[in-house]
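Student: Model the structure of this input:
(one chain, ligands or ions: 1)
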Amino acid sequence: MSALIEIDRLTKNFGGFTAVDDVSFTVARGEVLGFLGPNGAGKSTTMKMLAGFVTPSSGTARICGEDVVDRPVAAKRHLGYLPEGAPTYPEMTVAAFLAFVAHVRGFRGSEAADRIAHAMRLTTLEGVRLQPIETLSKGFKRRVGLAQALLHDPPVLVLDEPTDGLDPNQKHEVRRLIAQMAPNKAIIISTHILEEVSAICSRAIIIARGQVLADSTPAELAGRGSSLDAVFRDLTLPKEVA
Ligand SMILES: Nc1ncnc2c1ncn2[C@@H]1O[C@H](COP(=O)(O)OP(=O)(O)OP(=O)(O)O)[C@@H](O)[C@H]1O
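Tutor: Numbering: from 1, shown residues only. Below you'll find the predicted structure:
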């Protein structure tokens, strides 16, 4: 199987409002897909449907062949998901939270300890391991979220703004980590930082008002205008009616 993520005609309505409108795409192992779009475009809602946090109104999504609605536990086994914002359970320490996640993922004893230590090392959390999550800075909270997404070394990663709130050094570290993991995984990242897309994504999708407007390589997209930034604006800004 080449595509680890398969999205087919995915749609989400909130009342009479369509947040995600007939979206279809696949992501293969080895691809890092940059998911771009203005605020409110439907990126997080699409990612939440992939992660099983929001039920689609219609259409399907599969992770490693497992339907996210019909086979939610099987689909989640193959998925690491970084939601927007901070991790839940703010009163837990970093170590206790990751131990809880390891337990839920089915790891016990020395294997759990090894997984937790490895995830902390990847995200540079050792120095704050005994600190309650609510007392961490925004960037450290993001890194705790990333650590829980990576803990079981899943083949599919869905990361909602993974570098949001990180300082320049940590942004660099997380991009390096994503690039390092890329050959063995299918990865979707949403971001508002267009340079990030050129730096680490092999492919970019631009979405606005719930619809896919472009799906190509960052270089091909950037070549459609003077820069990726200019092409993004041209595609996503509402056209003036003459
Ligand atoms: N639970 C909900 N109920 C009603 N409307 C919602 C709900 N969740 C999202 N929406 C709406 O759906 C639209 C898409 O939101 P979404 O969070 O997916 O956008 P986004 O592309 O991730 O935006 P941002 O870049 O600001 O994070 C927005 O108009 C949002 O207000």
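Student: got a list of what Arg142 touches?
Tutor: For Arg142, the contacting residues are 82, 86, 162-166, taking CB atoms under 8 Å, 6 or more residues apart in numbering as the criterion. Every C-beta, even on glycine, is put in place using the N, C-alpha and C of the backbone.
Student: Angles on the backbone of it, please.
Tutor: Dihedral pair for Arg142: phi -60, psi -40, per degrees, to the nearest 10.
Student: Just the buried residues from the contacts of Arg142, in PyMOL please.
Tutor: Selection command for PyMOL covering only the buried members of those, criterion 16 or more other CB atoms under 10 Å:
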select buried, resi 82+86+162+163+164+165+166
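Student: just checking, which of the contacts of Arg142 belong to strands?
Tutor: Among these, DSSP state E puts Leu82 in strands.
Student: Over to the residue nearest to the spatial centre of the chain. Which of the three states is it?
Tutor: The residue lying closest to the centre of the chain (CA atoms, centre = their mean) is Leu159, at 1.6 Å. Put simply, Leu159 is strand when judged by DSSP: H, G, I helix; E, B strand; the rest coil.
Student: Met125: what's it in contact with?
Tutor: One thing to correct before we go on: residue 125 is Leu, not Met. By CB under 8 Å, 6+ apart, the contact set of Leu125 is 94, 119, 140, 143-144, 147.
Student: Look up the pLDDT of it for me, please.
Tutor: For Leu125, the pLDDT comes out at 95.
Student: Then Val241?
Tutor: Per-residue confidence at Val241 stands at 57 (pLDDT).
Student: coming back round to it: show me the beta-bridge partners of the residue nearest to the centre of the chain.
Tutor: The partner list for Leu159 in beta bridges (DSSP bridges) reads Leu82, Ile189.
Student: hang on, it packs against Ala149?
Tutor: Yes: the criterion here is CB atoms under 8 Å, and Leu159 meets it with Ala149 at 6.8 Å.
Student: so what sits against both of these two?
Tutor: Both Leu159 and Ala149 are contacted by 80-82, under the criterion CB under 8 Å, 6+ apart.
Student: Pro72 is in contact with Phe53, isn't it?
Tutor: No: using CB under 8 Å, Pro72 is not in contact with Phe53; the gap is 10.4 Å.
Student: SS state for the closest residue to Ala99 other than its chain neighbours?
Tutor: In space, Ala99 comes closest to Ile116 once its chain neighbours are excluded; the distance is 6.2 Å by CB to CB, 6 or more residues apart in numbering. Under three-state DSSP, Ile116 falls in the helix class.
Student: For the chain, what lies in contact range of the ligand?
Tutor: By CB under 6 Å from any ligand atom, the residues of the chain that approach the ligand are 14, 19, 37, 39-45.
Student: Now rank the residues you listed by neighbours and give me the top one.
Tutor: When these are compared by neighbour count (other CB atoms under 10 Å), Lys43 ends up highest, at 27 neighbours.
Student: backbone phi and psi for that one, please?
Tutor: With angles defined as degrees, to the nearest 10, Lys43 sits at phi -70, psi -60.
Student: which residues does the closest residue to it other than its chain neighbours contact?
Tutor: Sequence neighbours aside, Ser190 is the residue nearest to Lys43 in space, at 4.4 Å (criterion: CB to CB, 6+ apart). For Ser190, the contact set (CB under 8 Å, 6+ apart) comprises 34-37, 43-44, 47, 159-161.
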